[in-house]
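> Return a 3D structure for these sequence lines:
(chains A and B)
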Amino acid sequence: MADYLINNVGLFGSYPWLAYLLAGLVHAALLLQLVAVGALFFIWLERKVAGRIQDRLGPTRVGGKFGWLQTLADGIKLIAKEDLTPGGADRLLFKIAPYVSFCASFTALISLPFAFGWVAQSLNIGVFFVIAVLGLEIFGVILAGYASASKWSLFGAMREAAQVVSYEVPLGMCVVVPVLICGTMDLTTIAEMQRGWFTNWLIFHDPFTFITFWVYFTCALASVNRAPFDLAEAESELVAGFHTEYSGLRWSFFFMAEYGSMLLVSVLAAILFFGGWNGPIPITDWVGWSYESGTDPVTFTGYLSNLLGMLNVLGKGVFGVTFMIWVRWTLPRLRIDQVMKTCLKYCTPIAAVMFLGAVIWKYNFPGGLFFRSQVPLANVQETWQGGGGRLIENSGQNSQQSVTITARSDASQSNNQTQVVVANDSRRQEEALP
Amino acid sequence: MINWNSFFFLLFALVACFFALAVVFTGSVVRMAFFLVLCLSATAGLFFLANADFVGAMQLLIYVGGTMVLLVFGVMLTAQGPFVRMKTDGGQWLVALIVGSSLLAVLITAAFRVESWRRGPVGEAATASTNLDPTATPIGMALLGVRVDAVDEPDAVLRSGLSGYLLPFEIVSVHLLVVLIGAAYLARTKKRVRDRTV
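Numbering: from 1, shown residues only, chains lettered A, B, ... in the order given. Alright, predicted model coming up:
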């Protein structure tokens, strides 16, 4: 957005920093709205779904039909509540902990794309960044548990620490599988590779990715601390876990962080496994509205198609969150040893085997069996700054592997893209070697 | 016109230095850990500013995440009362000052020894040249044994020397495996040898 402003609006051309400031503010405000409004909606949804599952109606009165103003009323109540700090608490950490949680959950959204090119800060290592920042959310939880000077809080925080640290391992392994298949960590590129019919979605790429998705979802549930893995706030044993001593607005920051992270892992799942903004049926592709990857101009139809794509991504994300709510109100809470057992004895080995299986599948069917990307590989392959076409031979003359690097000098490419092709067959190597 | 790169560099650097000092001067273990996290996050910000996204995210994942584990173990293993406080006596201050200042002296002289780093103030042109499209591919390829950045080396002998980081990578992996097994061995439930005389 900043580049667009600098290039097209005269004022910003002379003051580029103003454009960056404006773009940054707009992005931050939009993402903040997403987290805050999302939390409002999901809390209402959680109540309704919980009600229906337990054969009740849920909230009905506030705001007329369906009780849709219930969360807002709760919000007003929370603002009006007294902001208490326990006498024995470490005041600084106690006050700062909710913001730490919220910031982590919010920061991870920065590199999450919502449609082609609609990302606050496009990172070449998007997946990695999201996973890295998501892991920081528990820091706030641990600080809260420790600073409250209450044994319930400390127990909850310690359980959460053990749980999240363990579950990061299988979660990382599951996320590596789509990265492996697409050959890039760029989230926009991963989603673009799944363009077309739903058969192009990575979950249907091979049997291993199908199972990987379910392992990913289990681990994601655990890492955002939702039932049946919500031991940190097990109300039957720990009163309310790490947020026992919190009240008012600070308490609600924890909730916003939790619902923000739920949406985050759901949208991440949608991008990694469910094609992102590429719907089950490629309607915008048929009409010819959607942007071709690699082209630059901003068109009205392209904008419209991006808008539809964003609704698509958010729809998938909301479906994921609804699924989490459904799981929460269906399954009983696990015991701490069962949580650890699920992680170390089931999720991690399954994820490792699936990773291996995906590697073997990719090796035997490099083009994919059912999966045929409509986007030419050169458009989505990992970009690497480099010069003209040349050959790497320093991997050793006797090595079976040769790496050809061919630069594309197409004018249609927005930046100097270099395609890296790893060829394993010796025939190709002979051709390439001078 | 302000050079915004320098501005943000100074901002992150000052934040990092401030919280690094805060780590030294705080008594409470958990506050120390929290300040350390802020300091390391500011360092990650410096990496992002230098367009080294991969290193920045690595910093967040390993160092900041690692500090969290440190914090958990620090609290679990050392806590006697509700809030742990540490007191540093004069001798420790003295030793720490000597070690710290000698390290600082070594680093500063080393940094100013390097000829190519002494180019004077960086202008707009120089910052533009570093503004490449950053990717993690060279690192990944280098770990697999192919240095994409060293292809242009004309000398064949030198080129064979720049053959990537596969061996160090494998050595580190084996080392970590050994540590893992060792930790599991130390933490296992010990079998009790029955005392037969009783």
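> what sits against the closest residue to chain A within chain B?
The nearest approach of chain B to chain A comes at B:Leu61, 3.9 Å away (CB to the nearest CB). The C-beta positions use only the backbone N, C-alpha and C, and glycine is treated the same way. Residues near B:Leu61 by CB atoms under 8 Å, 6 or more residues apart in numbering or on different chains: A:128, A:131-132, A:135.
> could I get these as a markdown table with pLDDT, neighbour count and secondary structure?
Formatted as a markdown table, the contacts of B:Leu61 follow (pLDDT from 0 to 100; neighbours: other CB atoms under 10 Å in any protein chain shown; DSSP: H, G, I helix; E, B strand; the rest coil):
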| residue | pLDDT | neighbour count | secondary structure |
| --- | --- | --- | --- |
| A:Phe128 | 87 | 24 | helix |
| A:Ile131 | 87 | 23 | helix |
| A:Ala132 | 85 | 25 | helix |
| A:Gly135 | 80 | 23 | coil |
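> of those, closest to chain B?
The nearest one, if we look at these relative to chain B and count by CB to the nearest CB, is A:Ala132, at 3.9 Å.
> okay, now the domains of the chain?
Defaulting to chain A. What the record gives for chain A is the domain set A:83-364, A:379-433, from automatic domain parsing.
> should've been chain B
Chain B breaks down by automatic domain parsing into domains covering B:1-82, B:132-190.
> got the contact list for B:Pro35?
Actually, residue B:35 is Phe. It isn't Pro. B:19-20, B:22-23, B:26.
> how about the helix or strand hosting A:Tyr363: buried residues?
If you go by DSSP states H and E, A:Tyr363 is part of helix A:348-364. By 16 or more other CB atoms under 10 Å in any protein chain shown, the buried positions in helix A:348-364 come out as A:348, A:350-351, A:354-355, A:357-358, A:361-362.
> Tell me which residue in the stretch 151-300 of chain A sits closest to chain B.
Closest point on the stretch 151-300 of chain A to chain B, by CB to the nearest CB, is A:Ala161, at 4.7 Å.
> What residues does A:Val179 make contact with?
Residues near A:Val179 by CB under 8 Å, 6+ apart: A:127, A:185, A:190.
> Now cross-check the residues you listed against chain B and list the overlap.
The subset of those within reach of chain B, by CB under 8 Å from any CB of the partner chain, is A:Met185.
> Alpha carbons of whichever strand or helix holds B:Phe112, as PDB, please.
Assigned by DSSP H and E, B:Phe112 belongs to helix B:90-113. These are the backbone C-alpha positions of helix B:90-113, laid out as PDB (Å, rounded to 0.1, in the frame of the first residue of the first chain):
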ATOM      1  CA  GLY B  90      30.400  -5.900  45.900                       C
ATOM      2  CA  GLY B  91      32.800  -8.600  44.800                       C
ATOM      3  CA  GLN B  92      30.500 -10.000  42.200                       C
ATOM      4  CA  TRP B  93      29.900  -6.400  40.900                       C
ATOM      5  CA  LEU B  94      33.600  -6.000  40.500                       C
ATOM      6  CA  VAL B  95      34.200  -9.300  38.700                       C
ATOM      7  CA  ALA B  96      31.200  -8.600  36.400                       C
ATOM      8  CA  LEU B  97      32.500  -5.100  35.600                       C
ATOM      9  CA  ILE B  98      35.900  -6.400  34.700                       C
ATOM     10  CA  VAL B  99      34.600  -9.200  32.500                       C
ATOM     11  CA  GLY B 100      32.000  -7.000  30.900                       C
ATOM     12  CA  SER B 101      34.300  -4.100  30.100                       C
ATOM     13  CA  SER B 102      37.100  -6.300  28.700                       C
ATOM     14  CA  LEU B 103      34.500  -8.000  26.400                       C
ATOM     15  CA  LEU B 104      33.200  -4.600  25.400                       C
ATOM     16  CA  ALA B 105      36.800  -3.400  24.600                       C
ATOM     17  CA  VAL B 106      37.500  -6.500  22.600                       C
ATOM     18  CA  LEU B 107      34.300  -6.200  20.600                       C
ATOM     19  CA  ILE B 108      34.700  -2.500  19.900                       C
ATOM     20  CA  THR B 109      38.300  -2.800  18.700                       C
ATOM     21  CA  ALA B 110      37.300  -5.900  16.600                       C
ATOM     22  CA  ALA B 111      34.400  -4.000  15.000                       C
ATOM     23  CA  PHE B 112      36.600  -1.000  14.100                       C
ATOM     24  CA  ARG B 113      39.400  -3.200  12.700                       C
END
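> mean confidence for that helix?
Average pLDDT, helix B:90-113: 88.
> Buried ones in it, by neighbour count?
Residues of helix B:90-113 classed as buried by neighbour count (16+ other CB under 10 Å): none.
> what does stretch B:167-182 give?
For stretch B:167-182, the neighbour count (16+ other CB under 10 Å) marks no residue as buried.
> got the contact list for that stretch?
By CB under 8 Å, 6+ apart, stretch B:167-182 touches B:Leu143.
> Send me it as PDB with only the CA atoms.
Taking Å, rounded to 0.1, in the frame of the first residue of the first chain, the C-alpha atoms of stretch B:167-182 are listed here in PDB:
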ATOM      1  CA  LEU B 167      28.800 -31.100   8.000                       C
ATOM      2  CA  PRO B 168      28.400 -28.500  10.900                       C
ATOM      3  CA  PHE B 169      24.700 -28.900  10.600                       C
ATOM      4  CA  GLU B 170      24.900 -32.700  11.000                       C
ATOM      5  CA  ILE B 171      27.400 -32.400  13.900                       C
ATOM      6  CA  VAL B 172      25.100 -30.000  15.700                       C
ATOM      7  CA  SER B 173      22.200 -32.400  15.100                       C
ATOM      8  CA  VAL B 174      24.100 -35.400  16.600                       C
ATOM      9  CA  HIS B 175      25.200 -33.200  19.400                       C
ATOM     10  CA  LEU B 176      21.600 -32.200  20.200                       C
ATOM     11  CA  LEU B 177      20.500 -35.900  20.000                       C
ATOM     12  CA  VAL B 178      23.200 -36.800  22.500                       C
ATOM     13  CA  VAL B 179      22.000 -34.000  24.800                       C
ATOM     14  CA  LEU B 180      18.400 -35.200  24.400                       C
ATOM     15  CA  ILE B 181      19.300 -38.800  25.300                       C
ATOM     16  CA  GLY B 182      21.400 -37.600  28.200                       C
END
